[in-house]
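Colleague: coordinates only, sequence not included:
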């Protein structure tokens, strides 16, 4: 199948729900419920077969899965999977190793959000930093939370009229749904092409990030810079997908967060063929109680759940 044969309705339209497999599931659920205001929508056991194989997890029993959502949000939910067999991942990670790196959120009031999360026992990498957003004509205020399993969580103060999220729909919400899933790749061009040509993603931003504020936010070496590509779909459904090009100097021997990026596609067979044409590894689909599901490895440690 040639790329030109992909139907126009095959679009990436958000990662939902972003999925974290962790040995400390209750800790993560408590953070997102009490610190971020998510509601638990479902808690259930998923069968080890086929989900452990699909998600490339160690052998073991059935999986306790907790799903959390913002009721009025357009996507951007969270799925926490309890996997005691996984190793714990340390924090203070730099963007120098391929794999999942960060989740992004908007917050209505930075000071209040930071204090509430700190009171739950979590720490931040720096004080909030204000900087001109690259490629845009406005500034943002941002801080980085050292989240579960070594994931960073970027908290960005919400700007009405600029930021599309549940905060613009529900005045009772103080933190948004997941706005973006950020993954680190060695080189951006091939996974970027796979997302655009294979899944129809729309490029909303392709910029180089640099400067002292960025260095403070991420605790980067002086003079660091990296390329970031932000992708979204036609309905601007959250969470968006972001590729961050590695700053280098990392090692593939360190554990990374086990994150899965579910993406709903209208025709799994055609998407599978399109991605394979682009050199992406895609498993054969397996039948689940949620329908047929296949896994695509976009880059080392970066897995897309297609269904």
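Modeller: Thanks, I have the structure now. In this text the structure is predicted, and so the values were computed from the model without any measurement. Residues are numbered from 1 along each chain as shown.
Colleague: for residue 112, which residues are in contact?
Modeller: residue 174 (Cβ atoms under 8 Å, 6 or more residues apart in numbering). C-beta coordinates here come from the backbone N, C-alpha and C atoms, glycine included.
Colleague: may I ask which helix or strand encompasses it?
Modeller: helix 110-119 (DSSP states H and E).
Colleague: list the buried residues in that helix.
Modeller: 110, 113-114, 116-117 (16 or more other Cβ atoms under 10 Å).
Colleague: show me the contact partners of the helix or strand that that helix is followed by.
Modeller: The helix or strand immediately downstream of helix 110-119 is strand 129-132, counting by DSSP H and E. With contact meaning Cβ under 8 Å, 6+ apart, strand 129-132 is reached by 138-143, 211, 213-214, 216-217.
Colleague: what is the neighbour count of residue 71?
Modeller: 11 (other Cβ atoms under 10 Å).
Colleague: got a pLDDT number for it?
Modeller: We note a pLDDT of 95 for residue 71 in this prediction.
Colleague: per-residue pLDDT, the nearest residue to it once chain neighbours are set aside?
Modeller: Leaving out its chain neighbours, the residue that sits closest to residue 71 by Cβ to Cβ, 6 or more residues apart in numbering is residue 39, at 6.5 Å. With respect to pLDDT, residue 39 has a value of 98.
Colleague: report the separation between residue 39 and residue 116.
Modeller: Counting by Cβ to Cβ, to the nearest Å, the gap from residue 39 to residue 116 is 16 Å.
Colleague: got it, and residue 56?
Modeller: For residue 56 relative to residue 116 (Cβ to Cβ), the value is 34 Å.
Colleague: circling back to that earlier point, which among the contacts of strand 129-132 count as buried?
Modeller: Buried among the contacts of strand 129-132 (16+ other Cβ under 10 Å): 140, 142-143, 213-214, 216-217.
Colleague: in strands, which of those appear?
Modeller: Counting by DSSP state E, the part of those found in strands is 140, 142-143.
Colleague: so which two of the contacts of strand 129-132 are the farthest from each other?
Modeller: The most widely separated members of these, counting by Cβ to Cβ, are 138 and 216 (19.7 Å).
Colleague: and the strands in the stretch 101-250 of the chain?
Modeller: Using DSSP state E, counting those that start in this stretch, the strands found in the stretch 101-250 of the chain span residues 129-132, 139-146, 152-157, 180-185, 202-210, 225-232, 240-245.
Colleague: as a markdown table, those strands with distance to residue 100 would be great.
Modeller: Formatted as a markdown table, these follow (distance: least, Cβ to Cβ, whole Å):
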| stretch | distance to residue 100 |
| --- | --- |
| strand 129-132 | 22 |
| strand 139-146 | 14 |
| strand 152-157 | 10 |
| strand 180-185 | 5 |
| strand 202-210 | 18 |
| strand 225-232 | 15 |
| strand 240-245 | 10 |
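Colleague: could I get the ones you listed in a markdown table, plus columns for distance to residue 13 and mean pLDDT?
Modeller: Listed next are those as a markdown table, based on distance: least, Cβ to Cβ, whole Å; pLDDT from 0 to 100:
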| stretch | distance to residue 13 | mean pLDDT |
| --- | --- | --- |
| strand 129-132 | 29 | 92 |
| strand 139-146 | 24 | 96 |
| strand 152-157 | 22 | 97 |
| strand 180-185 | 14 | 98 |
| strand 202-210 | 9 | 94 |
| strand 225-232 | 8 | 95 |
| strand 240-245 | 10 | 98 |
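Colleague: nearest to residue 67, out of those strands?
Modeller: strand 180-185 (16.1 Å).
Colleague: note down every partner strand of the closest one and its orientation.
Modeller: With DSSP bridges as the test, strand 180-185 is paired with strand 99-107 (antiparallel), strand 240-245 (parallel).
Colleague: what's in contact with stretch 217-226?
Modeller: 92, 94-95, 125-126, 129, 142-144, 152, 208-210, 214-215, 244-247.
Colleague: ditto for stretch 72-79
Modeller: Here stretch 72-79 has contacts from 13-20, 32, 38, 41, 65-70, 165-166, 169-170, 173, 176-179, 235-239, 262, using Cβ under 8 Å, 6+ apart.
Colleague: now do the buried residues in that stretch.
Modeller: 73-79.
Colleague: tell me how many other residues crowd the residue nearest to residue 71.
Modeller: 12.
Colleague: likewise the one 4 residues further on?
Modeller: Close neighbours of residue 43, defined as other Cβ under 10 Å, add up to 12.
Colleague: does it touch residue 63 like I think?
Modeller: No. Between residue 43 and residue 63 there is no contact under Cβ atoms under 8 Å: 11.4 Å.
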